[in-house]
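**Student:** Sharing a model prediction with you, sequence too.
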Amino acid sequence: MKPFDGKVEHTLEEVRWALGVTDSAPVLVFDARERGSVRDALLVVLEQALALTGG
């Protein structure tokens, strides 16, 4: 989820419900314009992938 002007319009639970995703899938708030935010989001995705593959 991308924050606009530093604010998130919807809760993670609302987004999960709207997309029909379970708690096992990560839903993240990050700003693609900020390198650190992208890095942190990618690390979460990598950790999830490793966990699913037993790595």
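**Tutor:** Arrived safely.
**Student:** how far away is T53 from G6?
**Tutor:** 35 Å (CB to CB, to the nearest Å). (Glycine included, C-beta is placed from N, CA and C.)
**Student:** Kindly provide the distance from G55 to L46.
**Tutor:** For G55 relative to L46 (CB to CB), the value is 10 Å.
**Student:** How about R35?
**Tutor:** Counting by CB to CB, the gap from R35 to L46 is 16 Å.
**Student:** could you pull out the helices for this protein?
**Tutor:** With DSSP state H as the criterion, the chain has helices at 12-19, 35-53.
**Student:** could I get these as CSV with mean pLDDT, mean neighbour count and distance to P26?
**Tutor:** As requested, those are exported to CSV (pLDDT from 0 to 100; neighbours: other CB atoms under 10 Å; distance: least, CB to CB, whole Å):
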stretch, mean pLDDT, mean neighbour count, distance to P26
helix 12-19, 90, 12, 10
helix 35-53, 94, 11, 5
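**Student:** Same list (the ones you listed) but as CSV, adding distance to V27.
**Tutor:** Shown next, in CSV, are the helices of the chain (distance: least, CB to CB, whole Å):
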stretch, distance to V27
helix 12-19, 5
helix 35-53, 10
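**Student:** quick one, which of these is nearest to L28?
**Tutor:** helix 35-53 (5.0 Å; CB to CB).
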